[in-house]
Each structure stands twice: as structure tokens, then as C-alpha cells.
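Enquirer: what would the 3D arrangement of this be:
(2 chains)
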Amino acid sequence: MATAAEIEKQTEAREIRNRWFLSAPALIIILLAASGPLLIVLLYSFLTPGPYGDVQWTFSTEGWVSVFLERDIFDDTLSFASAHLTIFWRSLKLALMATAATLIFGFPTAYFIATRPERTRDIWLFLITIPFWTNLLIRTFAVLQVIRNEGIINTALINLGITDQPIQMLYTDFAIMVGMVYVYLPLMVLPLYASMEKLDFRLVEAGYDLYATRWQVLKRIIFPMVRPGVIAGSILVFIPAIGAYVTPSVLGGGKNMMFANLIELQFGQGRNWPLGAALSITVMAIVMVALLVYVRNTSGSEARHG
Amino acid sequence: MNLKSMSMAAGLALLASTSLASAAGELNIYNWGNYISPDMIKKFEKQFDVKVTVTDYDSNDTALAKVRQGGHGFDVAMPSQTYVPIWVQEGLVLETNPGGMENFKNVAPEWANPAFDPGRKYTVPWAWGTVGVVVNTDDYKGDINTWKIVFDTPDELKGKVNVVPEMNDVIHAAIKYVGGEQCTGDKDVLKKVRDVLVAAKPNWIAMEYNTIEKMGAGDFKATSDWNGSALRQRLKNPAIHYGYPVEGFQYWSDNVVVLKEAKNVDNAKLFQNFMMDPENAAMNSAFHRYANGIAGSEKFMPVDMTSAPEVVVPEEFKKNGEILQTCAPEVTALYTKIWTELQK
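Expert: Below you'll find the predicted structure:
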């Protein structure tokens, strides 16, 4: 005769089985759709480049070797592929800066929305999502219209007599940052808002009652409690930012390659698909490892707080 | 007959009828964006009772990759001259022998027997042009017929020059600038090429394609560019002029080919022949603003083109141009490395 505990265990096991069973179709689709193309990319990275693009079905590690090492075309010495590293570092730096900047602008925005009366919050949220209605490229060109030499800002400054020469903003790193922050800000605000909405503001009041300063309240009470939102927002911004392609080319002028441009070059005019495939896998692996470390570390400290 | 089999039968009937209708007259064109005259398409549709569909591509490499994959459903494409031998070699195009078609007599003699398609066995001229420099002469009064604008930028233009990021075009220009031969694999020449490019880059403001709008708005004061683009810029701002670099510039040409996989071969051949009619070629040129290689089409072209120095290469510069050829894969690999070095 089964005890109550055993029966409970059995029902639980059945429920878990059911859950797996019900989610199986979705899991299969995700596995096939996500890993299928990736496997092809992985396979291509181990083939030989065809003479005019495409690949030849001969095994080769040349693609992987040239991700990290390059043979100097002039003195034929083999050295570390510093060009690839420079380009990767540029993309990484830009992605980190964009994440930090969206956090700086997104945090007060989300806080502002979360502290509005419930009726008006939806309107504010709605306003945040408006830029999503238009295509990324169009939003980027809108930024271009604002900051270019004959754009709104420079025309206004000249007409007001503040400067007599337009200030060169387009094709600078500043322009890229403006564009990236504008484009990715909603991705930061929405998860931040989601966790701030759940924040119990009585705790904040309690903190003030106990003579905490504003900074202490922010650092010791609000920030730890909205940390999941910060993590989610950072990941959502960082990942597309490291593969950013359109914004840096349109606003930065395309003089300096981003990692995505380097990959595109291999599949286009460079005609070295295996190298392009190997570069794609490399950047993906680096991002994945970095994120795993990041999430593990931050969620660990979370547990201590709980 | 139950409902299911009835609806299936109806579906099959519908399928059969549409496929019959499409067999009567369809043509699927795979072309560069914004590069085909809608009026000319209408004329072709009317004349042969054919429904034309146009799909865009943005680069020769995209087009090549897609056509090579197969199953694309296109009948006609417009590869550039450097790619025509690759398409032929890879067996992607049909030998339609335009050289024997009725309208071939109209093809201008200099385009009748090109090195990239001897005897015109596969291709029909679509458009041709040059790659040179465009300068806003309000900002720079000196000689503009030189690559120095880009590679040894005069002080007035420093920080205001754009370079269109077509790897093969830029490398070719730099090779000519240092006195080399096109498609060279000579390390001494290439070293100079790399040094020239790397030294020139700090004077550039951007490397992008959107030159018509940016030159017009004054974001750029000079750029490397295609001639048709230069013409459109001058029509916006008369101070903008096109220069033919004395160090050597390139002629390019895009060409109509019929794909081996084409389902509508007859219509595609009709289209090839149609494009060699001077009136039709002129209609197309009036739209994309490039010359077309069909003799007698000048008569039907807008006046602002027949008198344009961007379209009609001035006699004194003709000798400095050469048609760009297909470079060997191992040479392209070297160019890619220089290009990565330049843009890192």
C-alpha cells in the first residue's frame, strides 16, 4: 500500500513527464531551427574555400588557423592575427559601452515609469515601444538626419549664432553611440520596468525612515532587488550590439570594420566562406562563455541576498 | 465524392490552369536594385504579352551565390563583366548566342566582341560605365582628373573625402596609382598599394555607398564613384564634377544573361534581343543613367545624357581606361588581406 508521500511522488513524476511531452514539439523545433543552421556553419568552417565563393568539399583547418594566425603577405612570416583582434575589440568595446549607456539612461526611465500611478504607466510604456514600430534602418537614418552637418542640430546652432561652422558629429564614435543607445534603449527599459514594477516601495520608505541616504537606498535596496531586470536588459542589449552592423556603417561611415563587417567581407568580396564561418563561431563562443560567467556570478550573489 | 477529395480536385484544377497561364508568358528578372526602367518593362510586357517580375540583388557575390544554389526561379540576370567568365565557367548560363540574334547588328563595335565573352555567345550589353572621382569644385579648384583626390588628398578636401567600399575597385585604383598592372600579384606593387591606402585613410571621412545624397547634402566634398552616380549628383548641384584619373581608370559593363535553370527560355531570349534595340536601350538608359553599348540609342536618349561628360567619355581621357578583368582567386585572397588591413 502506497503511502501518501509515494503517491505524491508518482503524481509529480507524471506531471513532469507530461510537461516534457507537451513541450516536445516546441523543443524539437527550437533544436532543429537553432542548431541545424549552426551545424552547417560549423561544417563550412572546416572546408576549403571555392575559387569564387562557396566551398569545396575537402576538409581543411585553414579557416580556423587564419582566424588566429595570419601569414604576412609581404615577408611570409606567420604571426598572430592582430587585425582580427583589433576589429573584435572594437565591436566588444562598442557593445559594452552601449550596454552601459542604455543602463544609465534606461534605469531612471524605468524608475520614472514604475513610480507613476498605475493608470498612466501603460501610456508611458506605450511611448517607449513606439520606436519599435519602424524598421531599424529607418530609425538609424532618422538619427542621421538629426546630427548631420546640415541636420536639425547644426542648422539650429548656426541660426542661433552659437557656432558659424557645423560641428562634425556624423561619422564619429559619438554618432555611433547616439544611434546605438537610441535603437537599443527599449530593450533595456522593458525588463528593468518589469522588475521595478514588482518592487515594494514600502521597503524604500523603510530605508528612509532608518536614515538611509538616497544613494544608500539606491545601492542597498533598489539595485539588488531589480538586479534580474538589469541582467536581462544588459544581455538583451549586449548581444545585438556586438553584432551591430547597420548603425556603425550608417552613422560611423564604415571606415573601420566591425566584427560583423569582417564576417560579411569573407562571404562577399573576400570569397573565403570557411574563414567567415569560423569567425562567426568564434564570436558566438566568446559571447556565450562571457554570458555564462556573467550570469553565474551575478545569480550567485543573488542567492546570498535571498 | 466527399468534400475533401472535391476540394483537392478543385485545387489541382486551379493549379493546372495557373501553370498553363504562366507558361504562356512569364519572365523573371534578377537584377541590381533600381536598375531597370519600369516604362521599358511595360513596353516589353505589352509587345510580347509576357508578365515580368523583377527581383533585386545588392552585389555580384550575392547574385552568384543565390544562382549557384539553384531553385531560384529566375530566367535572366545582369552580372558584371568580371563575373561573366565565372558564371560561364560554373555552367550557370545558357549559350543563347546573342551574336546571331536579329538585333545584334546594333551593338556598338567596341562592345561587340569583348574579352569577357568573345563573340557574344552568352551576353547582351545592359549598361556600361567608368569608375572615377567626383569633386565639389566649390571646395577644390585644382585638377580633378587624378586619383590624388583620394590617395594624396589635397588640403582643401582633407577629412571630406568618401571612398565607395568596393574592394576590387579601390584596389584597382590604388594599383594604377602606384603604376602597376590590373590583377597584379606582384608583392612589390602590392606593398606600395597597401602603404598608399593606409596612409590615405586618415584623410577620408567615410567609406560608404550612399554618395548621391551625401554629396548633394555636403557631407562629402569628394568621393570615388561610378559615372552614372556622378551625373545624378551634377544634376542636383552644378558645381559637382566627374574626373577621369590619368593614372588609369576602369570601364565596367553589366550584361544580360539567360540562366541555365530558366523556365522561360524563349521569353528570356526575346528579352535579350529586345535589349539590343536602340529605342529600348535608350529608354533603359534614361532611367539608370548609364550608357548601354547599343549604337544609335543616343538618338532616343534625353539631351542631358548625350551631352554629359560623365556618360560620353571625353576623347582625351579614353586612352587611360581599361576594362577590369577577373582576377585569379589567389590574387583576390591577397587583396582581401590588404583590405582587412586597411579597414581594421
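
Enquirer: tell me the phi and psi of the residue in the stretch 201-344 of chain B that chain A sits nearest to?
Expert: Chain A sits closest to residue B:206 of the stretch 201-344 of chain B, with a gap of 3.0 Å, by Cβ to the nearest Cβ. Where you see a C-beta, it was placed from the backbone N, CA and C, and this is true even at glycine. Dihedral pair for residue B:206: phi -160, psi 170, per degrees, to the nearest 10.

Enquirer: skipping adjacent residues, who's closest to it in space?
Expert: Leaving aside its chain neighbours, residue B:206 sits nearest to residue A:253 (3.0 Å; criterion: Cβ to Cβ, 6 or more residues apart in numbering or on different chains).

Enquirer: mind checking how far stretch B:32-51 is from the chain centre?
Expert: Stretch B:32-51 sits 18 Å away from the centroid of its parent chain (Cα atoms, centre = their mean, to the nearest Å).

Enquirer: got it, and stretch B:85-104?
Expert: 18 Å.

Enquirer: model confidence over it, on average?
Expert: Mean pLDDT, stretch B:85-104: 96.

Enquirer: also stretch A:278-297?
Expert: Per-residue pLDDT over stretch A:278-297 has a mean of 89.

Enquirer: domain-wise, how is chain B divided?
Expert: B:25-127+B:252-306, B:129-251+B:313-343 (automatic domain parsing).

Enquirer: just put those in a markdown table and tack on mean neighbour count.
Expert: Below are these laid out as a markdown table (neighbours: other Cβ atoms under 10 Å in any protein chain shown):
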| stretch | mean neighbour count |
| --- | --- |
| domain B:25-127+B:252-306 | 19 |
| domain B:129-251+B:313-343 | 20 |
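
Enquirer: out of the ones you listed, which comes closest to residue A:297?
Expert: Among the domains of chain B, the nearest to residue A:297 by Cβ to Cβ is domain B:129-251+B:313-343 (34.8 Å).

Enquirer: one step back: and the residue of the stretch 201-344 of chain B closest to chain A, how far from residue B:227?
Expert: 20 Å (Cβ to Cβ, to the nearest Å).

Enquirer: so which bits of the stretch 201-306 of chain A are right by chain B?
Expert: Residues of the stretch 201-306 of chain A lying near chain B by Cβ under 8 Å from any Cβ of the partner chain: A:249-250, A:253-257, A:261-262, A:265-272.

Enquirer: which residue packs closest to residue B:83, ignoring adjacent ones?
Expert: Nearest to residue B:83 is residue B:60, by Cβ to Cβ, 6+ apart, at 4.8 Å.

Enquirer: find the closest residue to chain B in the stretch 201-306 of chain A.
Expert: Closest approach between the stretch 201-306 of chain A and chain B, counting by Cβ to the nearest Cβ: residue A:253, at 3.0 Å.

Enquirer: could the domains of chain B be laid out in CSV, adding distance to residue A:281?
Expert: Listed next are the domains of chain B as CSV, based on distance: least, Cβ to Cβ, whole Å:
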stretch, distance to residue A:281
domain B:25-127+B:252-306, 20
domain B:129-251+B:313-343, 18
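
Enquirer: what segments of the stretch 201-344 of chain B are strands?
Expert: B:204-206, B:222-226, B:240-243, B:249-258, B:321-323 (DSSP state E, counting those that start in this stretch).

Enquirer: can I get those in a markdown table including mean pLDDT and distance to residue A:34?
Expert: Below are the strands of the stretch 201-344 of chain B laid out as a markdown table (pLDDT from 0 to 100; distance: least, Cβ to Cβ, whole Å):
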| stretch | mean pLDDT | distance to residue A:34 |
| --- | --- | --- |
| strand B:204-206 | 95 | 36 |
| strand B:222-226 | 96 | 41 |
| strand B:240-243 | 97 | 49 |
| strand B:249-258 | 97 | 38 |
| strand B:321-323 | 95 | 46 |
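
Enquirer: residues in the stretch 1-150 of chain B within reach of chain A, list them.
Expert: Residues of the stretch 1-150 of chain B lying near chain A (Cβ under 8 Å from any Cβ): B:59, B:61-62, B:64-65, B:68, B:86, B:90.

Enquirer: between those residues, which is closest to residue A:23?
Expert: residue B:65 (36.7 Å).

Enquirer: please name the nearest non-neighbouring residue to that closest one.
Expert: Going by Cβ to Cβ, 6+ apart, residue B:65 has residue A:53 as its nearest residue, at 5.8 Å.

Enquirer: show me the contacts for that neighbour.
Expert: Residue A:53 sits next to A:267, A:271, A:273, B:61, B:64-65, B:68 when contact means Cβ atoms under 8 Å, 6 or more residues apart in numbering or on different chains.

Enquirer: assign residue B:54 to helix, strand or coil.
Expert: At residue B:54, secondary structure determined by DSSP: H, G, I helix; E, B strand; the rest coil is strand.

Enquirer: distance check, it against residue B:29.
Expert: Taken as Cβ to Cβ, the span from residue B:54 to residue B:29 is 5 Å.

Enquirer: likewise for residue A:285?
Expert: 42 Å.

Enquirer: just residue B:170 next, same as before
Expert: Counting by Cβ to Cβ, the gap from residue B:170 to residue B:29 is 29 Å.

Enquirer: wait, does the strand or helix carrying residue A:11 contact chain B?
Expert: Counting by DSSP states H and E, the element that carries residue A:11 is helix A:4-44. No - residues of helix A:4-44 contacting chain B under Cβ under 8 Å from any Cβ: none, with a closest distance of 12.5 Å.

Enquirer: which helices and strands does that helix pack with?
Expert: Counting contacts by 3 or more Cβ pairs under 8 Å, 6 or more residues apart in numbering or on different chains; DSSP states H and E, helix A:4-44 packs against helix A:273-305.

Enquirer: related to what we said a few turns ago, show me the contacts for the residue nearest to residue B:206.
Expert: Residue A:253 neighbours (Cβ under 8 Å, 6+ apart): A:170-171, B:162, B:205-208.

Enquirer: next one: phi and psi at it?
Expert: phi 90, psi 0.

Enquirer: can you give the contact residues for the helix or strand that residue A:142 is a member of?
Expert: In the assignment (DSSP H and E), residue A:142 maps to helix A:136-147. Helix A:136-147 is contacted by residues A:131, A:151-154, A:169-170, A:175, A:178-179, A:182-183, A:246-247, A:250-251 when judged by Cβ under 8 Å, 6+ apart.

Enquirer: could you turn the buried ones of these into a PyMOL selection?
Expert: Written as a PyMOL command, the selection of buried residues from those, which uses 16 or more other Cβ atoms under 10 Å in any protein chain shown, is:
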select buried, chain A and resi 151+154+169+170+175+178+179+182+183+246+247+250+251
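
Enquirer: find me the pLDDT at the residue nearest to residue B:83, would you?
Expert: 92.

Enquirer: next: the one 5 residues further on.
Expert: According to the prediction, residue B:65 has pLDDT 92.

Enquirer: surely it is in contact with residue A:50?
Expert: No - with contacts counted by Cβ atoms under 8 Å, residue B:65 stays clear of residue A:50, the gap being 10.2 Å.

Enquirer: on that earlier part again, against residue A:144, how distant is the residue of the stretch 201-306 of chain A closest to chain B?
Expert: Note on residue A:253: its distance to residue A:144, by Cβ to Cβ, is 11 Å.

Enquirer: now swap in residue A:272 and tell me
Expert: Taken as Cβ to Cβ, the span from residue A:272 to residue A:144 is 32 Å.

Enquirer: those two: which has the busier surroundings?
Expert: Counted by other Cβ atoms under 10 Å in any protein chain shown, residue A:272 and residue A:144 do not tie: residue A:272 has more neighbours, with 26 against 22.

Enquirer: residues in contact with that one?
Expert: Contacts of residue A:272 (Cβ under 8 Å, 6+ apart): A:49, A:63, A:66, A:266, B:333, B:336.
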